[in-house]
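Trainee: this one's sequence-less:
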């Protein structure tokens, strides 16, 4: 039976901004949205905490965030947010989650065979728990075991992903064509001492936004109203850090939504999306393993009246058998 939570909402309709992808192969430029696209909630509106689709989940999160924007301690909104999380896990195809500390978690997802998303949400000021070099090497099972404990049972999807990575490396004599890049964002790994604000746009640009490791990238510090970035890619990643209001991070793979998650004010969520592996085949023969190159898209949604820092990067020129394709933030 579908569960709902009844709420009472009274608020003025704010000015909305959103992003339209347009017709280009890749994009990251937001534009204004007509007021007709706004959701005008009735005075008494139920919150669907068991949404059947990503679109329904986004509508529910919009209602929850409208309440939290008015009162971050709103009991009804917080109850709904807790109640909807199991359904978000189901829609996102959660494989495993590790609770690192209160308010700090790492999740592993597989929306379809081989399409892997790894995401970390942490309070601003907390250091990153994930070893992104391990992700770049394909060592997802080892990384899960490191975070969850040596005795933790590793999910089969992560075991299979790491086994494929090790098989590909062994086929090359244990040597990569290119060495994995050294971590270049120590400040981002270490976290910040206090929550990010509008004054930290330059810090976000210098320490979080992508550089030469990304073939296509967008960097939007001190942004508001919504944002997006998309292009054909083998791997991609995004970071969202709201400092006024709560914002929804969405990932899409090959035109379908694969990940929907709320990001609360003063938290930072990072996520990495890898296309599945397949044989790299030319006209006459298949030569080596490589990532499929498909449309990757990241959105910062439900951000009317909110302010945040947003970054996204995409890689398509890397070669999967090098094992350096899942570059790190």
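Mentor: Nice, thanks for sending it over. As the structure is a computational prediction, the values presented were derived from the model and not from experiment.

Trainee: Quick one: the helices in the stretch 201-329 of the chain, in order.
Mentor: Secondary structure of the stretch 201-329 of the chain (DSSP state H, counting those that start in this stretch): helices located at 201-207.

Trainee: Do a quick rundown of the strands in it.
Mentor: 216-224, 227-233, 235-244, 247-253, 256-263, 267-274, 277-281, 286-291, 294-301, 307-315 (DSSP state E, counting those that start in this stretch).

Trainee: what about these, which gets the closest to residue 101?
Mentor: strand 267-274 (12.6 Å; Cβ to Cβ). To be clear about C-beta, it is placed using only N, CA and C from the backbone, and glycine gets the same treatment.

Trainee: picking that back up, for the strands of the stretch 201-329 of the chain, which one sits closest to residue 105?
Mentor: strand 267-274 (9.7 Å).

Trainee: Parallel or antiparallel, which strands does the closest one pair with?
Mentor: strand 115-123 (antiparallel), strand 235-244 (antiparallel) (DSSP bridges).

Trainee: Confirm for me that residue 69 is in contact with residue 245.
Mentor: Yes. The criterion here is Cβ atoms under 8 Å, and residue 69 meets it with residue 245 at 5.1 Å.

Trainee: list residues touching both of those two?
Mentor: 305-306 (Cβ atoms under 8 Å, 6 or more residues apart in numbering).

Trainee: related to what we said a few turns ago, between the strands of the stretch 201-329 of the chain, which gets nearest to residue 130?
Mentor: Ranking these by proximity to residue 130 (Cβ to Cβ) places strand 267-274 first, at 7.9 Å.

Trainee: could you give the mean pLDDT of the closest one?
Mentor: Regarding strand 267-274, the rounded mean pLDDT is 90.

Trainee: Could you shift the numbering so residue one becomes 323, and keep it that way?
Mentor: Let's use 323 as the start, then, which means that last one is strand 589-596.

Trainee: What lies in contact with that strand?
Mentor: Contacts with strand 589-596, where a contact means Cβ under 8 Å, 6+ apart, come from 425, 437-446, 450, 452, 454, 457, 518, 556-564, 571, 573, 575, 580-581, 583, 585, 613, 618, 620, 647-648, 650-651.

Trainee: Give me the buried entries from those.
Mentor: Buried members of the contacts of strand 589-596, counted by 16 or more other Cβ atoms under 10 Å: 437-444, 446, 450, 452, 454, 457, 518, 556-564, 571, 573, 575, 580-581, 583, 585, 613, 618, 620, 647-648, 650-651.

Trainee: just the helices in the stretch 373-522 of the chain please.
Mentor: For the stretch 373-522 of the chain, the helices defined by DSSP H, counting those that start in this stretch cover 376-392, 397-413, 454-458, 462-470, 478-493, 508-512.

Trainee: right, and residue 543 touches residue 521 too?
Mentor: No. Look at residue 543 against residue 521 with Cβ under 8 Å: they stay out of range, at 10.4 Å.

Trainee: quick one: which of these two has more around it?
Mentor: residue 543 (20 against 9; other Cβ atoms under 10 Å).

Trainee: Apart from its neighbours in sequence, what residue is nearest that one?
Mentor: Counting by Cβ to Cβ, 6 or more residues apart in numbering, residue 543 lies nearest to residue 523, which is 3.4 Å off, once chain neighbours are set aside.

Trainee: Now do the same contact list for residue 570.
Mentor: If you count contacts by Cβ under 8 Å, 6+ apart, then residue 570 has 380, 383-384, 387, 582-585, 621-625 around it.

Trainee: let's see 6 Å
Mentor: Counting by Cβ atoms under 6 Å, 6 or more residues apart in numbering, residue 570 touches 383, 584, 623-624.

Trainee: And residue 519, by the same measure?
Mentor: residue 565.

Trainee: now swap in residue 518 and tell me
Mentor: 446, 563, 565.

Trainee: what about 10 Å?
Mentor: By Cβ atoms under 10 Å, 6 or more residues apart in numbering, the residues touching residue 518 are 446-447, 525-526, 530, 543-544, 563-565, 588-590, 630-631.
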